[in-house]
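J.: Generate a structure from the sequence data that follows.
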Amino acid sequence: MPSDLDRLNLSVFSQYLNTHFNVRLDPATTIALELVTAVERPTAPNFECFSVLFLGPESPYLGQGLRTIEHATLGTMDLFLVPVGKDARGVTYEAVFNRSRSDSRL
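T.: Here you go, the predicted structure:
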């Protein structure tokens, strides 16, 4: 049975560039991350590999880890975020998807 993340591919994320995703820090606290990039990565023909980059505030710093992320249209998902950069705009976090293609995602 496919998971909710199976329906989220590069095409879906690309539709939501420049929109906000909320990261749940605890039951009462969220911070907003902006989806700034969705890019395909080279891979074998039977696999899909892409990454999405989110831009967030410098504080609070999230660090690397599994985060519950909420989007008004896409719903709630758990993504493993890795901080990959910091500049005057804030901290950039990356989530990488690398999985076998199923017939429903071809």
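J.: what's around residue 90, how many residues?
T.: Neighbour count for residue 90, taken as other CB atoms under 10 Å: 17. (Glycine included, C-beta is placed from N, CA and C.)
J.: And it, how far from residue 35?
T.: Residue 90 is 13 Å from residue 35, where distance means CB to CB, to the nearest Å.
J.: same deal with residue 51?
T.: Taking CB to CB, one finds residue 51 at 11 Å from residue 35.
J.: For the two, indicate the residue with more neighbours.
T.: The neighbour count for residue 51 versus residue 35, taken as other CB under 10 Å, is higher for residue 35 (22 against 18).
J.: Look up phi and psi at the more buried one.
T.: phi -70, psi 110 (degrees, to the nearest 10).
J.: what pLDDT does it get?
T.: On the pLDDT scale, residue 35 is placed at 98.
J.: so who does it touch?
T.: Applying CB atoms under 8 Å, 6 or more residues apart in numbering to residue 35 gives the contacts 13, 16-21, 52-54.
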